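Peer 1: dropping the sequence and predicted coords here.
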Amino acid sequence: MNFEQLRDWVGRQEEHLDVATLAPLTGLAATLDHDVSPWRTGEVPPLGHWLYFLPQAPQREISSDGHPHRGGFLPPVPLPRRMWAGGDLQFHGPVRLGEAIRRRSTIGDVQHKAGRSGNLVFVKVVHEVMTERGLATREVHDIVYRDAATPGEAAPAGEPAPAGATWERPVTGDPVMLFRFSALTFNGHRIHYDRSYCKDVEGYPGLIVHGPLMATLLVDLYLRNTPQAQVTAFRFRARRPVFDIHPFTVCGAKRPGGADLWIRDHEGFVAMTAELEAA
């Protein structure tokens, strides 16, 4: 395929409606192991909008990797491996429990790069979540598509995780946690629950811990230690995959106006970095 044709998708839009109900948040609190949540009362917590506007393609439209077939809203990238690479979120106002919400999504950019590791396609999607009072959340979502794994392909080089954490929380991203988060987000991607698919098709050693789950754990770490805080911005970047076969540690260093956050894998390498701003 001519990768330049994928740029025809830039500017494409879609909209979805939903209601900010309580049940998904109760499930998220249980998945994060809370007895009492640290969130602002009566509001959807930061990143909680990921539990709404869920993809609901009919079963006949699901492809072999568990995602809907490509070529609808998202461009039909002809590369088999798809990952959530990061995001930049601005929280402009609260989403209150029980209110109607609307999300407008726009394909902001599509870029193809080729190098020693093969083909890469980067897709940038801009999501705007609105209530009747106006814009509540603006999110720039980065997706990366990659070539299929080759036999004996080495894992990405590791970068030592930062030192000087103010807070640390060990987490075991076991199959049950991954299943529960997939259920909450109606995510059928097989890399999160089908071990044979992970190993035999995509070349991974185990189930992959969701990027959005790791990002949620980072924000949760901040809120565990700063309950009821008003988060105004959050930027995160995936650095290295984390698998269910090893525990990992969620870390944060408090600073004026927010925190620097990261995930340290079992080898001491950084798996995700983030910056959080709070009022």
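Peer 2: Cool, the structure landed. Quick caveat: nothing in here was measured; it's all calculated off a predicted structure. Numbering: from 1, shown residues only.
Peer 1: for Ile62, list the residues it contacts.
Peer 2: 68-69, 188 (Cβ atoms under 8 Å, 6 or more residues apart in numbering). In short, each C-beta sits where N, CA and C put it, glycine included.
Peer 1: and what of Ala229?
Peer 2: 40, 222-223, 278-279.
Peer 1: try it again with 6 Å
Peer 2: Ala278 (Cβ atoms under 6 Å, 6 or more residues apart in numbering).
Peer 1: then Ala100?
Peer 2: Here Ala100 is in contact with Val19 (Cβ under 6 Å, 6+ apart).
Peer 1: which helix in this structure runs the most residues?
Peer 2: helix 211-225 (DSSP state H).
Peer 1: gap between the spatially closest residue to Pro94 that is not a sequence neighbour and His16?
Peer 2: Leaving aside its sequence neighbours, Pro94 sits nearest to Glu43 (Cβ to Cβ, 6 or more residues apart in numbering; 4.6 Å). Distance from Glu43 to His16, counting by Cβ to Cβ, to the nearest Å: 20 Å.
Peer 1: same question, Glu61
Peer 2: Distance, Glu61 to His16, using Cβ to Cβ: 16 Å.
Peer 1: the two: who's more crowded?
Peer 2: His16 (16 against 10; other Cβ atoms under 10 Å).
Peer 1: element containing that one?
Peer 2: Secondary structure assignment for His16, by DSSP states H and E: strand 13-19.
Peer 1: buried residues in the helix or strand following that strand?
Peer 2: Counting by DSSP H and E, the element after strand 13-19 in chain order, helix or strand, is helix 23-31. Buried residues in helix 23-31, counted by 16 or more other Cβ atoms under 10 Å: 24-25, 28-29, 31.
Peer 1: same check on stretch 257-268?
Peer 2: Quick answer for stretch 257-268 (16+ other Cβ under 10 Å): 258-265.
Peer 1: ok, the spatially closest residue to Thr172 that is not a sequence neighbour - how many residues close by?
Peer 2: Nearest residue to Thr172 in three dimensions, chain neighbours excluded: Pro247, at 4.8 Å (Cβ to Cβ, 6+ apart). Residues lying near Pro247 (other Cβ under 10 Å) number 13.
Peer 1: next one: Pro247 from Gly158, what distance?
Peer 2: Counting by Cβ to Cβ - Pro247 and Gly158 are separated by 16 Å.
Peer 1: what about the chain, any weak spots by pLDDT?
Peer 2: The chain contains residues with pLDDT under 70 at 1, 151-156.
Peer 1: what ranges does it have for its helices?
Peer 2: With DSSP H as the criterion, the chain has helices spanning 23-31, 175-185, 195-200, 211-225.
Peer 1: buried residues in the longest one?
Peer 2: For helix 211-225, burial by neighbour count (16+ other Cβ under 10 Å) applies to 211-224.
Peer 1: need these in TSV with distance to Ala57, can you?
Peer 2: Shown next, in TSV, are the buried residues of helix 211-225 (distance: Cβ to Cβ, whole Å):
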residue	distance to Ala57
Gly211	21
Pro212	19
Leu213	21
Met214	25
Ala215	24
Thr216	23
Leu217	27
Leu218	29
Val219	28
Asp220	29
Leu221	33
Tyr222	34
Leu223	33
Arg224	35
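Peer 1: work out the gap between the longest strand along the chain and the centre of the chain.
Peer 2: Secondary structure of the chain per DSSP state E: the longest strand is strand 100-115. Chain-centre distance of strand 100-115: 14 Å, with Cα atoms, centre = their mean, to the nearest Å.
Peer 1: that one pairs with which strands?
Peer 2: strand 13-19 (antiparallel), strand 118-131 (antiparallel) (DSSP bridges).
Peer 1: export the ones you listed to TSV and tack on distance to Pro55?
Peer 2: Below are the strands paired with strand 100-115 laid out as TSV (distance: least, Cβ to Cβ, whole Å):
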stretch	distance to Pro55
strand 13-19	9
strand 118-131	13
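Peer 1: Phe236 is in contact with Ala215, correct?
Peer 2: Yes - with contact defined as Cβ atoms under 6 Å, Ala215 reaches Phe236; the gap is 4.8 Å.
Peer 1: what segments of the stretch 151-279 of the chain are strands?
Peer 2: Counting by DSSP state E, counting those that start in this stretch, the stretch 151-279 of the chain has strands at residues 167-171, 231-238, 248-255, 258-264, 270-278.
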